[in-house]
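Visitor: From the sequence below, what's the structure:
(one chain, ligands or ions: 4)
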Amino acid sequence: MDIDAKDNGSLLDSYIFLLDGDGTNVLAENDDEILYEVQDSHLGYQLPHDGTYYIKVRAWDHPSAGGSDYFYDITLLRDEISPSARITSPDHNAWLDPDLQTITTDVSDSESGIRHVTFYWHDADWENSDWIVLEDDWDGRDGWTYDWDTSGIPEQQGGAVYIYAYDWAGNYAGWGSYSLGMDRTPPTVSASVSPLYGDAPFLDFWVTWWDGWDNLAGIASYDVQYRDGPGGTWTNLLTGTADTYTRFVGQDGHTYYFRTRARDWAGNLSTYAGGDGDVQHTVQICATAADAYEGDDSHAVAKTIATDGSWQSHNFHAAGDQDWLQFTATAGVTYTLVTTNTGGHADTVLYLYEDDGTTLIDSNDDDPDNWPASRLEWGADRGGVYYVKVEHWDPYAYGCTTGYDLSIAETGSFEPPANNVYLPVIMRKAQ
Ligand SMILES: [Ca+2]
Ligand SMILES: [Ca+2]
Ligand SMILES: [Ca+2]
Ligand SMILES: [Ca+2]
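Guide: Ligands and ions are numbered 1, 2, ... in the order given. Reported below is the predicted structural model:
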């Protein structure tokens, strides 16, 4: 039974009664849909038996009020269909806000409408606790939501919030969000530094922070800062990253400081270490003189190497150094190109090119039997000049630990393709 009076501009403050078949026994009554605030009456009741019932409407201030300005509409409807109810936040598996968690819902009823929604909480200790009513909300004008003061909720994982939504006839529906957690403790993490190879004194090095730990929610992301020198300014290196390491490229003679912090999935953020941060590292290049074959930094100035297996000693004396060589091959001969790591940290990468110096035939970074040195085996279909480029896998690696030896040897033979005339690239282009 729903009265619309003040809603439509009437002066009537309605009061409604449901009477049993005798016309006198009051089964239920209602003054205001929301006390003092929504003064039109609204009454739902589950009838106890078949038969005739009576509805009585009067003014709240009967008998002193009345007149043509005291009109109203009355609606009577039957509702046997439950509402629909869903919690939209927090969702399952969520981490609750540690201070104020707003529980939002999507509840509706197509027949008599939603009358009230009750909000419950259950602690993660299911054996020793019970459902607690957080709020019984009878006023949906601001939405069926609840602002929950969670400041007293202890750390845990596995709690639940639940709602029951009732329509005006008393039909109801429930919905729960489970596996909820409360995490108030930020993670711990600190940065460390390691060279790319053993104790290699290169411009670049690894900065890692994979020792991060969190008590409950787990680490969501990291921020990393660095400082160049003791008087430098802390500067963001990475923010909000899920990575746990990065390669840092410094300058020779500089000391770098690093610090990191982490945030967990509940939003708790650890604080950066003060002072010099977590760790520091000084870039100290071990300088070395250029090898005897420099300058050989492009195929145009490549130095010749014999194919008799004799060794040439090279190094990378500057960042990004490339060593180019050329040799003359015979068709039908198999060649083996090999480097050896004589300096300790010579991670060579070997490239073999056609006689134009740009068409790559093959390449090798690591010989699995001789890491980090390189090895290529290759059969020459065509006789003539070929080029070889050697560089370090790490373009920031150079100095006294990058010495390497290189040899090219004839290690076999085969029948070159018949009736196949191989011409130098320049002549092929001219055809
Ligand atoms: Ca309903
Ligand atoms: Ca935590
Ligand atoms: Ca060199
Ligand atoms: Ca290598």
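
Visitor: from here on, contacts and neighbour counts on C-alpha atoms
Guide: Noted.

Visitor: what residues does the protein put near ligand 3?
Guide: Residues of the chain found near ligand 3 (CA under 5 Å from the ion) are Asn315, Phe316.

Visitor: Pro195 versus the residue most central in space within the chain, what's the distance?
Guide: With distances taken as CA atoms, centre = their mean, Ala242 lies nearest the centre of the chain, 6.1 Å away. According to CA to CA, to the nearest Å, Ala242 and Pro195 sit 22 Å apart.

Visitor: who's in contact with the residue nearest to the centre of the chain?
Guide: Ala242 makes contact with Ala220, Ser221, Tyr222, according to CA atoms under 8 Å, 6 or more residues apart in numbering.

Visitor: Tell me which residue in the stretch 151-300 of the chain sits closest to ligand 1.
Guide: Asp167 (5.4 Å; CA to the ion).

Visitor: Give me the neighbour count for the residue lying closest to Ala300 once chain neighbours are set aside.
Guide: Nearest residue to Ala300, sequence neighbours excluded (CA to CA, 6 or more residues apart in numbering): Gly357, at 8.0 Å. Other residues lying near Gly357 total 19 when counted by other CA atoms under 10 Å.

Visitor: Make 35 the starting number, not 1.
Guide: Yes, from this point I'll number from 35; that puts the last item at Gly391.

Visitor: about what we covered before: mind pulling up the pLDDT for the residue of the stretch 185-334 of the chain closest to ligand 1?
Guide: With respect to pLDDT, Asp201 scores 96.

Visitor: which parts of the stretch 135-284 of the chain sit against ligand 1?
Guide: Contact residues (CA under 5 Å from the ion) of the stretch 135-284 of the chain with ligand 1: Glu145.

Visitor: Give me every residue in the stretch 135-284 of the chain lying close to ligand 2.
Guide: Counting by CA under 5 Å from the ion, the stretch 135-284 of the chain comes close to ligand 2 at Thr219, Pro220, Asp248, Asn249, Leu250.

Visitor: can you count the residues close to Leu111?
Guide: Number of residues near Leu111 (other CA under 10 Å) recorded here: 10.

Visitor: no no, Ser228
Guide: 15.

Visitor: OK, contacts around the nearest residue in space to Asp183 that is not next to it in sequence?
Guide: Leaving aside its sequence neighbours, Asp183 sits nearest to Leu134 (CA to CA, 6+ apart; 4.7 Å). Residues in contact with Leu134 (CA under 8 Å, 6+ apart) are Asp181, Trp182, Asp183, Thr184, Ser185.

Visitor: Please give me every residue in contact with Tyr106.
Guide: So Tyr106 contacts Ile37, Asp38, Ala39, Asn42, Ser44, Leu46 (CA under 8 Å, 6+ apart).

Visitor: if I look at Ser224, how far off is Thr269?
Guide: 16 Å.

Visitor: and these two? which has more neighbours close in?
Guide: Shown here are Ser224 and Thr269; by other CA under 10 Å, Ser224 has more neighbours (21 against 12).

Visitor: For the stretch 185-334 of the chain, which residue gets nearest to ligand 3?
Guide: Taking CA to the ion, the stretch 185-334 of the chain has Asp325 as its residue nearest ligand 3, at 5.4 Å.

Visitor: Is that residue in contact with Asp355, as I believe?
Guide: No. Using CA atoms under 8 Å, Asp325 is not in contact with Asp355; the gap is 10.9 Å.

Visitor: between these two, who's got more neighbours?
Guide: Applying other CA under 10 Å to Asp325 and Asp355 shows that Asp355 carries more neighbours, namely 21 against 16.

Visitor: Check the secondary structure at the spatially closest residue to that one that is not a sequence neighbour for me.
Guide: Leaving aside its chain neighbours, Asp355 sits nearest to Glu425 (6.5 Å; criterion: CA to CA, 6+ apart). Three-state call for Glu425 (DSSP: H, G, I helix; E, B strand; the rest coil): strand.

Visitor: thinking Glu425 is in contact with Leu359, fair?
Guide: No. Contact criterion CA under 8 Å: Glu425 and Leu359 do not qualify, at 11.7 Å.

Visitor: Quick check: residues of this structure near ligand 4?
Guide: Counting by CA under 5 Å from the ion, the chain comes close to ligand 4 at Asp381, Thr382, Val383, Asp399, Asp400, Pro406, Ala407.

Visitor: How many residues are close by Gly55?
Guide: Other residues near Gly55 come to 14 when the count uses other CA under 10 Å.

Visitor: so it, which of the three states?
Guide: Once three-state DSSP is applied, Gly55 turns out coil.

Visitor: For it, list the residues it contacts.
Guide: Contact partners of Gly55, counting by CA under 8 Å, 6+ apart, are Gly85, Thr86, Tyr87, Tyr88.
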